[in-house]
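K.L.:
show me how the following folds:
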Amino acid sequence: MFFIHIKVHRRLIFNFGMMLAVDRVLANSVGYDGAVFKSRRSVDDAFLVLNGFGKRSFYLVDIYHAALYTSGRYYDFDAISHIDKPCILELHFLIDVSASQIEKSVRDGILSNVPGDISSEFNMHIRAFLNSIEKLNSIKKGDVLEFAYLHGSTQILLNSNSVGTGVPGKDFINLLLSVWLGSHPIDNGLKHRLLGFS
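P.N.:
Down below sits the predicted model:
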């Protein structure tokens, strides 16, 4: 009887340990609609958390899964735009798309959210950024495209490889994120999910 209790006790300890191990694994990632996102990211000297995630669809075609990483949890775009901290918008593509399609989507989204007249210098930054997108040529299913604001500059990365040159200034990443999070986002449902609302 004594040995039976020991075996049961050991089994309970083992099972509890396995539960803790599984919890740690789950705590490090989040699954959504077949996609898996890291719950935390460390990029250079920046430590970011998963603010929200969702899917972009258009006319019943699933285009990409999206995840927004920020320095803390934010439920309002205005709060994000007023804090000069690193952030990353991560897009996991579900279909093949051309660079021109992405460029048009970003350009149209910027124009929909641009706050009135902007300076010629800012216009120059927008054109340079859109030109960098066109250098991608095409995006294949399974590719990961990132718009990352790090070290005071907005950068494009395709499968972790830098594309083009960075655009300096927090104002620019705010304008870029407005495509997804602004007053006229490309997808209202995706906006709410990226801001942490299910």
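
K.L.:
wait, Ser39 touches Val49, no?
P.N.:
Yes. Between Ser39 and Val49 there is a contact at 6.9 Å, judged by Cβ atoms under 8 Å. Bear in mind the C-beta positions are built from the backbone N, C-alpha and C, glycine included.

K.L.:
residues near the closest residue to Gly31 other than its chain neighbours, how many?
P.N.:
By the measure of Cβ to Cβ, 6 or more residues apart in numbering, the closest residue to Gly31 outside its immediate chain neighbours is Phe37, 8.0 Å from it. Neighbours of Phe37 under the rule other Cβ atoms under 10 Å: 19.

K.L.:
quick one, grab the pLDDT at Phe37.
P.N.:
For Phe37, the model assigns a pLDDT of 94.

K.L.:
name the helices or strands packed onto the host helix or strand of it?
P.N.:
Per DSSP states H and E: Phe37 is located in strand 35-38. The contact analysis (3 or more Cβ pairs under 8 Å, 6 or more residues apart in numbering; DSSP states H and E) places strand 35-38 against strand 29-32, strand 46-58, strand 61-70.

K.L.:
quick check: buried residues in stretch 97-116?
P.N.:
If you call a residue buried by 16 or more other Cβ atoms under 10 Å, then stretch 97-116 has these buried ones: Val97, Ala99, Ile102, Glu103, Ser105, Val106, Arg107, Gly109, Ile110, Asn113, Val114.

K.L.:
can you map out the helices along the protein?
P.N.:
Listed in chain order, the helices of the chain (DSSP state H) span 2-27, 77-81, 99-113, 120-134, 170-181, 188-194.

K.L.:
list the helices and strands the fifth one packs on?
P.N.:
Contacts of helix 170-181 with other secondary structure elements, assessed using 3+ Cβ pairs under 8 Å, 6+ apart, are made with strand 61-70, helix 77-81, strand 87-93, helix 99-113, helix 120-134, strand 144-150, strand 153-158, helix 188-194.

K.L.:
so for it, mean pLDDT?
P.N.:
If you average the pLDDT values across helix 170-181, you get 96.

K.L.:
could you list the low-pLDDT ranges of the chain?
P.N.:
In the predicted model, the chain carries pLDDT under 70 at residues 1-27, 116-117, 119, 198.

K.L.:
next one: Leu176 from Leu60, what distance?
P.N.:
Distance from Leu176 to Leu60, counting by Cβ to Cβ, to the nearest Å: 27 Å.

K.L.:
more crowded one of the two?
P.N.:
Neighbours of Leu176 and Leu60, each counted by other Cβ under 10 Å, are more numerous for Leu176; the result is 22 against 5.
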